[in-house]
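[1] no sequence on this one, just coordinates:
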């Protein structure tokens, strides 16, 4: 049940690859898990607030993940487009 993604920078250095570890190449389901974890600890938030906290994830990927979670009823929305906030739904 634990969701934690760690990138071992020493392993990348030993492999002598010319890449830096980053969160830019995460699969969509992992981005969704990060969004859910973020909202779990920070509560109701705007998209911009989520983006500020998860700033290493590309904006388009983050938006897709949030919209997919809303579609799956994992998140609920409050407010109009400009002032919309997201919160984890309380499923029965």
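    Received it, and whenever you're ready, just let me know what you need. Remember, it's a predicted structure, so these values are computed and weren't measured experimentally.

[2] quick one: residue 79 and residue 86, what's the gap?
    Using CB to CB, to the nearest Å, residue 79 is found at 10 Å from residue 86. The way it works is simple: take the backbone N, C-alpha and C, and place the C-beta from them, glycine included.

[3] how about the helices in this protein?
    For the chain, applying DSSP state H gives helices covering 9-14, 28-42, 47-53, 59-71.

[4] quick one, which of those helices gets closest to residue 90.
    helix 28-42 (12.2 Å; CB to CB).

[5] re earlier: of residue 79 and residue 86, who's got more company?
    The neighbour count for residue 79 versus residue 86, taken as other CB atoms under 10 Å, is higher for residue 86 (24 against 11).

[6] ignoring the adjacent residues along the chain, who's closest to the more buried one?
    residue 75 (4.9 Å; CB to CB, 6 or more residues apart in numbering).

[7] turn the helices of the chain into JSON lines, columns for distance to residue 91.
    Listed next are those as JSON lines, based on distance: least, CB to CB, whole Å:
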{"stretch": "helix 9-14", "distance to residue 91": "38"}
{"stretch": "helix 28-42", "distance to residue 91": "12"}
{"stretch": "helix 47-53", "distance to residue 91": "20"}
{"stretch": "helix 59-71", "distance to residue 91": "12"}
